[in-house]
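Participant: how does the following fold in three dimensions:
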Amino acid sequence: MKILFFILLTLFFVNPTKAIEPTPTSDDKTKEIVDIVKQIVSDNITPTPIISDKPKSYFGNITKISENTITLAFKNQPQTIQVSDQTTYIDISRKKTKFDSFKVGQEVLAMGYLIDNQILDCKRLVVTELKSVTNNNQTVTGQIVDISKEASIFTLTPNYNKNNPFQLKTDSKTKIVDTNNKAITGNQAIANGNKIIAIIKPDQKLANTFYASKIIVLSLSKN
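Facilitator: Next up is the predicted model:
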């Protein structure tokens with residue numbers, strides 16, 4: 001009787017057997033890792049910015065300088081310029097300089113390529129002297145190097161100083177002719193690579209921009 005009572009007591013206090021879960025196979029673990037990697041890729045990796053293959057330039061006054069960026073006042077709007085080890089810096093004397101020599105308030109020309117969020121990846125940053133042109137009318141000869149898609153504005157590199165380009169604006173009153181003084185119309189007249197003579201004066205509405213009252217097209221680009 002005592003033995004029977006002891007057996008019943010033992011059975012009553014024994015912990016119930018836990019269910020044994022199957023051990024994951026190597027294929028299950030591999031699938032789990034692949035799923036995690038896919039999730040990380042979809043959530044956390046930012047696509048590499050696509051760099052435009054067309055050169056772009058901005059004129060403006062420096063309003064802010066950070067570690068590897070500057071902000072310009074371009075057409076009364078802020079424009080971010082990104083610099084790097086591949087950027088060349090030119091000072092007012094047309095000599096190479098360093099990024100830390102630039103100061104807020106300086107007028108500069110930034111040339112490079114647009115990347116993500118319309119930031120300019122700057123390849124050349126040049127101090128300009130746009131205020132030195134004070135006469136109402138000036139004549140400049142050079143080559144068109146960039147045309148804005150937003151307005152009738154283009155960049156002209158003068159023959160006498162390629163490091164000090166001009167930003168020129170045209171309108172319906174601008175007279176555009178060839179070397180025989182015959183009128184030229186259409187996009188062929190203002191195109192990248194064209195060599196021209198422009199009669200210009202400071203624009204009253206746009207900072208760092210000159211209005212072209214007359215343009216003489218010397219040669220058309222072959223592009």
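
Participant: run the chain-centre distance for stretch 208-218.
Facilitator: 26 Å (Cα atoms, centre = their mean, to the nearest Å).

Participant: show me what counts as buried in it.
Facilitator: Buried residues in stretch 208-218, defined by neighbour count with 16 or more other Cβ atoms under 10 Å: 208, 209, 210, 211, 212, 214, 215, 216, 217. The way it works is simple: take the backbone N, C-alpha and C, and place the C-beta from them, glycine included.

Participant: any idea where the helices of the chain begin and end?
Facilitator: Secondary structure of the chain (DSSP state H): helices located at 2-13, 26-44.

Participant: and residue 120, what are its bridge partners?
Facilitator: Residue 120 has these beta-bridge partners by DSSP bridges: residue 81, residue 114.

Participant: contacts only, for it.
Facilitator: The contact partners of residue 120, by Cβ atoms under 8 Å, 6 or more residues apart in numbering, come to 56, 58, 79, 80, 81, 82, 110, 112, 113, 114.

Participant: could you redo the last one with a cut-off of 6 Å?
Facilitator: Applying Cβ atoms under 6 Å, 6 or more residues apart in numbering to residue 120 gives the contacts 81, 110, 112.

Participant: do you know the pLDDT at it?
Facilitator: pLDDT for residue 120: 91.

Participant: ok, now how distant is it from residue 143?
Facilitator: Using Cβ to Cβ, to the nearest Å, residue 120 is found at 21 Å from residue 143.

Participant: now do residue 124
Facilitator: Residue 124 is 16 Å from residue 143, by Cβ to Cβ.

Participant: in stretch 157-164, which residues are buried?
Facilitator: For stretch 157-164, by 16+ other Cβ under 10 Å, it's 157, 164.

Participant: neighbouring contacts of stretch 198-206?
Facilitator: The contact list for stretch 198-206 (Cβ under 6 Å, 6+ apart) reads 136-140, 169, 209-215.

Participant: cheers, nothing more for now.
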